[in-house]
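Student: what's the 3D shape of this:
(one chain, ligands or ions: 1)
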Amino acid sequence: MPKANRAYNFNAGPSALPLEVLEQAREELVDFRGTGMSILEMSHRSKVYEEVHNEAASLLRELLGVPDGYHILFLQGGASLQFSMVPMNFLSRGRAAGYVLTGNWAEKAWKEAQVLGETFVAASTKEEHYRRIPSLEEIRFGPDAAYLHITSNNTIFGTQWKEFPDTGEVPLIADMSSDILSRPVDVNQFALIYAGAQKNLGPAGVTVVIVREDLVERGPKDIPTMLQYRTHAKNNSLYNTPPVFAIYMMGLVLRWAKEQGGVAELERRNREKAQLIYEVIDRHPDFYLGHAEPGSRSAMNITFRLPTPELEQQFLEEAKREGFVGLNGHRSVGGCRASLYNAVPLESCRALREYMLEFLRKRG
Ligand SMILES: *Cc1c(COP(=O)(O)O)cnc(C)c1O
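Tutor: Residues are numbered from 1 along each chain as shown. As a prediction, this is how the structure comes out:
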């Protein structure tokens, strides 16, 4: 069983947060930095809040190496609203936007773009049940495409891009909701990156958008104010009341990430954690049936099945009794899934590995 009263948390999102972060939030909840009130109760225009807000943005810039020339925005509406905001702002008339279909979230993003303009499928692995990421050669788009949209990590199917296409003048846009901050990326390759916070960055309620300034400038002005990136860029994401608590918590997570050694160190740990589980799958391929092709495997979400639905059911039920949480696959695909985001400790992964081996000994 896990230590103290903390579960082995493998939830896909919202997901585990670092214990130190939760403890600090508890510590300063009632009297935030000597103000006599919690951060939930003060003006978002106050100096105290503004510091929290700006610190979160500058930590994100530092950790991800976001260059000058990019805005960092804190928005609401989840990654799902970005499925609409991206085409509203960048899918101009007379052009078509390319979507690479690698899973449910990519399909949802594509569906919203179709409401708003012309689109095309630049590549898809749907026919192969999204077991892999298409190779760069498979991706088709012309130089006049409005943009190319990809999903860097496919939370439901457990696949992850290892390298990103060089799109030249065509803006590359990525949904990084489930792997942002889990590994270094070269932000310069992207025109826009978006991510709901609730997987790797903090609690639900804030969505991070990193976007090239020149694209924001060129965006349309004949769409609602709140849906223009310009509005939020011009106002330091303080045009209206931001989700103050979520941004504060994200700031604590970012500080924690920096203390851990930054993104390169987090990547090293994430690989080590994922390796523990993939090794079990690879050594017992007739019992633990991995969904993703090895070359496309995600370090964040590990998806697998067992030989029969009955065994799967048993595996999940016994796991629950042992203190494991969140191991069932997404409702749309079933099976099992372990999400090993940044805040999931190595010990949880060791425990899961032991549990998988033990279950195999008993029922294999
Ligand atoms: C979770 C997730 C989403 C949806 O995020 P919301 O913030 O709930 O809208 C979108 N894309 C990916 C890749 C995700 O993992």
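
Student: The protein - how does it break down into domains?
Tutor: Listed domain ranges for the chain are 23-259, 262-363 (source: automatic domain parsing).

Student: could you point out the longest helix in this structure?
Tutor: helix 262-283 (DSSP state H).

Student: helix or strand right after it?
Tutor: Proceeding N to C from helix 262-283, the next assigned helix or strand is strand 289-290, under DSSP states H and E.

Student: Identify whichever of the domains of the chain lies nearest to residue 9.
Tutor: For residue 9, the closest of the domains of the chain is domain 262-363, at 5.1 Å, according to CB to CB. Bear in mind the C-beta positions are built from the backbone N, C-alpha and C, glycine included.

Student: Next, the distance between the ends of that closest one.
Tutor: End-to-end distance for domain 262-363, by CA to CA, to the nearest Å: 41 Å.

Student: does it come close to the ligand?
Tutor: No: using CB under 6 Å from any ligand atom, domain 262-363 never reaches the ligand; the gap is at least 8.4 Å.

Student: again, but for stretch 101-119
Tutor: Yes: using CB under 6 Å from any ligand atom, stretch 101-119 reaches the ligand at residue 105.

Student: Which one of the domains of the chain lies nearest to residue 6?
Tutor: In terms of CB to CB, the element of the domains of the chain nearest to residue 6 is domain 262-363, at 8.9 Å.

Student: what about residue 245, distance to the ligand?
Tutor: Residue 245 is 16 Å from the ligand, where distance means CB to the nearest ligand atom, to the nearest Å.

Student: Output the below-cut-off pLDDT ranges for the stretch 201-350 of the chain.
Tutor: By pLDDT under 70, the stretch 201-350 of the chain has no low-scoring segment.

Student: quick one: the strands in this structure?
Tutor: 8-9, 70-75, 96-101, 118-124, 148-151, 153-154, 159-160, 172-175, 192-196, 207-212, 289-290, 301-305, 324-325, 336-339 (DSSP state E).

Student: Tell me which other helices or strands the longest helix of the chain touches.
Tutor: For helix 262-283, the elements it packs on are helix 47-64, helix 244-260, strand 289-290, strand 301-305, helix 346-363, judged by 3 or more CB pairs under 8 Å, 6 or more residues apart in numbering; DSSP states H and E.

Student: what bridges to the residue of the stretch 151-300 of the chain with the smallest separation from the ligand?
Tutor: In the stretch 151-300 of the chain, the residue that lies nearest the ligand is residue 196 (2.8 Å; CB to the nearest ligand atom). Residue 196 has these beta-bridge partners by DSSP bridges: residue 207.
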